[in-house]
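A.B. asks: Let me see the structure of the following:
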Amino acid sequence: MQILKSFFKALGCGIKFINTYFKTFVLLLIVIWILMPSANSSSNLANLERIDLKGEIF
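C.D. replies: Numbers count the residues shown, from 1 in each chain. So this is what the prediction gives:
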């Protein structure tokens, strides 16, 4: 009887842990997934080309 009691107590603790923290982990994973840059997009570096303007700008 004690083995059965301890089994269901451990099962209850596992369910309580999932119920408490699982939603938080899922939310954090979704936020990290959204904020991560995608692998196929290259980072846009600043354009440092020099432009010499001669004459008027309309």
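A.B. asks: With E49 as the reference, measure out to G55.
C.D. replies: For G55, the distance to E49 (CB to CB, to the nearest Å) stands at 19 Å. Yep, even glycine has a C-beta here, placed from its N, CA and C like the rest.
A.B. asks: got it, and I57?
C.D. replies: If you measure I57 against E49 using CB to CB, the figure is 17 Å.
A.B. asks: Show me what the helix or strand hosting K5 is packed against.
C.D. replies: Counting by DSSP states H and E, the element that carries K5 is helix 2-35. The contact analysis (3 or more CB pairs under 8 Å, 6 or more residues apart in numbering; DSSP states H and E) places helix 2-35 against no helix or strand.
A.B. asks: change the start of the numbering to 22 and stick with it
C.D. replies: Will do, 22 is the new start, and the previous item becomes helix 23-56.
A.B. asks: Can you mark which positions in it are buried?
C.D. replies: Within helix 23-56, not a single residue qualifies as buried, counting by 16 or more other CB atoms under 10 Å.
A.B. asks: Can you tell me the centre-most residue of the chain?
C.D. replies: Central residue of the chain (CA atoms, centre = their mean): I53, 1.2 Å from the mean position.
A.B. asks: ok, now which ones touch it?
C.D. replies: Contacts for I53 (CB atoms under 8 Å, 6 or more residues apart in numbering) come out as none.
A.B. asks: State the distance from it to L74.
C.D. replies: 45 Å.
A.B. asks: Helix, strand, or coil at L74?
C.D. replies: coil (DSSP: H, G, I helix; E, B strand; the rest coil).
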